[in-house]
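**Q** Here is the input, now give the coordinates:
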Amino acid sequence: MDKKMDVLVTYDVDTSNPEGRARLRRVATICKNFGQRVQFSVFECRITLAQLEDLEAKLLQVIDQEVDSLRIYILLGGRDRYLRAYGCDRYRDFDEPLIV
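**A** Down below sits the predicted model:
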C-alpha cells in the first residue's frame, strides 16, 4: 500500500470575469475529488504521492498562472503536527473509525 501524506491546497482564482468564475468551480471540483474543504478556498487532503502528482497536474491545467494563485503544502509528519485550529472546524478524519 502506498504511504499517504497530508497535503494542504489553497487557491485564489480571479473571478472578475465569467471565465474566472468557471475556473474557480473547476478548481474546487478537482480539490473535492482529492480531499475535503475546510475553508472556502482551502482543502485538506490525505493522499499518496501518485495522487498528489495527479492533483497538481489537473489543477495546473485549469488555473491561469497570470492571474490565479495555487499553493500546495506537503505537511511532513501529518496535519496534527502543524495545525492549530480555532472556531468552527469542519474537518473529518476519514481514517478514524466512523461512529454512527
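**Q** Please count neighbours and contacts with C-alpha atoms only from this point.
**A** Noted.
**Q** In space, what's closest to Phe43 - neighbours in sequence excluded?
**A** Nearest non-adjacent residue to Phe43, counting by C-alpha to C-alpha, 6 or more residues apart in numbering: Arg37, 4.3 Å away.
**Q** And Val9, by the same measure?
**A** Here the residue nearest Val9, using C-alpha to C-alpha, 6+ apart, is Ile72, at 4.6 Å.
**Q** For that neighbour, give me its contacts.
**A** Residues near Ile72 by C-alpha atoms under 8 Å, 6 or more residues apart in numbering: Val7, Leu8, Val9, Thr10.
**Q** and the residue nearest to Phe43, how many neighbours?
**A** Per other C-alpha atoms under 10 Å, the neighbour tally for Arg37 reads 19.
**Q** roughly how far apart are it and Arg21?
**A** For Arg37, the distance to Arg21 equals 18 Å [C-alpha to C-alpha, to the nearest Å].
**Q** related to what we said a few turns ago, isn't the residue nearest to Phe43 right next to Glu44, touching?
**A** Yes. The pair Arg37 and Glu44 passes the contact test of C-alpha atoms under 8 Å, sitting 6.5 Å apart.
**Q** So which bits of the helix or strand containing Thr10 are buried?
**A** Counting by DSSP states H and E, the element that carries Thr10 is strand 4-12. Burial within strand 4-12, assessed by neighbour count using 16 or more other C-alpha atoms under 10 Å, is assigned to Met5, Asp6, Val7, Leu8, Val9, Thr10, Tyr11, Asp12.
**Q** Tell me the bridge partners for the first one.
**A** Spelled out, that is Met5. With DSSP bridges as the criterion, Met5 is bridged to Ile47.
**Q** residue contacts, it?
**A** Cys45, Arg46, Ile47, Thr48, Leu49, Ile74, Leu75, Leu76, Gly78.
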